[in-house]
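**Student:** starting from these lines, generate the structure:
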Amino acid sequence: MAPNGVTRSLETGNGADTNKRFLRNDRDAGEDDDIDNSSDNNDADEEERAKGKNLFAESKLSEMQSSVKTFKRFKNWKAYGLSPGTVATRLENKGIYDQYKDLYHMYQKYYTTL
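**Tutor:** Predicted coordinates for the structure are as follows:
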């Protein structure tokens with residue numbers, strides 16, 4: 001028996017300690033890099049890497065209208081320094097203000113609490 005306070009490593013014999021895993025995708029190190037671009041996680045990664053280019057993509061705006069991700073995306077807008085006035089201008093410049101004016105008004109209403 002080991003003395004109190006001393007732990008002993010047990011050898012598993014199944015090689016569990018020798019396999020390396022990627023933290024982000026939970027894949028084995030030896031696996032091919034097949035990436036499924038249709039998953040939600042990859043969409044978030046792409047937006048993060050795009051340096052704000054996808055903030056006003058119509059697919060993102062449509063998703064925001066009926067999603068719990070609305071406030072997450074509002075926080076992204078604020079993190080990029082977009083005031084409610086800037087958001088309105090961008091929507092107008094893209095010609096989609098009328099379609100997404102409810103999102104704009106919601107952003108304006110909750111801007112200070114984000």
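**Student:** contact partners of the helix or strand encompassing residue 75?
**Tutor:** Taking DSSP states H and E as the definition, residue 75 sits inside helix 70-79. Contacting residues not belonging to helix 70-79 are listed as 47, 52, 55, 60, 64, 87, 103, 106-107, 110-111, 114 [CB atoms under 8 Å, 6 or more residues apart in numbering]. Bear in mind the C-beta positions are built from the backbone N, C-alpha and C, glycine included.
**Student:** and if you look at stretch 93-103?
**Tutor:** With CB under 8 Å, 6+ apart as the criterion, stretch 93-103 contacts 56, 58, 61, 64-65, 70, 88, 91, 104.
**Student:** repeat that for 10 Å
**Tutor:** If you take CB atoms under 10 Å, 6 or more residues apart in numbering as the criterion, stretch 93-103 is touched by 56-58, 61-62, 64-65, 70, 73-74, 77, 87-92, 104, 106-107.
**Student:** list the contacts of residue 80.
**Tutor:** 51-52, 55, 86.
**Student:** may I have the longest helix anywhere in the chain as PDB, with CA atoms only?
**Tutor:** As assigned by DSSP state H, the longest helix anywhere in the chain is helix 97-110. Coordinates of the C-alpha atoms in helix 97-110 are reproduced here as PDB (Å, rounded to 0.1, in the frame of the first residue of the first chain):
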ATOM      1  CA  TYR A  97     -33.000  48.000 -43.500                       C
ATOM      2  CA  ASP A  98     -36.800  47.500 -43.900                       C
ATOM      3  CA  GLN A  99     -36.400  43.700 -43.700                       C
ATOM      4  CA  TYR A 100     -34.300  43.800 -40.500                       C
ATOM      5  CA  LYS A 101     -35.500  47.000 -38.800                       C
ATOM      6  CA  ASP A 102     -36.900  45.000 -35.900                       C
ATOM      7  CA  LEU A 103     -33.300  43.800 -35.200                       C
ATOM      8  CA  TYR A 104     -32.000  47.300 -35.400                       C
ATOM      9  CA  HIS A 105     -34.600  48.600 -32.900                       C
ATOM     10  CA  MET A 106     -33.900  45.700 -30.500                       C
ATOM     11  CA  TYR A 107     -30.100  46.500 -30.800                       C
ATOM     12  CA  GLN A 108     -30.800  50.100 -30.100                       C
ATOM     13  CA  LYS A 109     -32.900  49.300 -27.100                       C
ATOM     14  CA  TYR A 110     -30.500  46.900 -25.500                       C
END
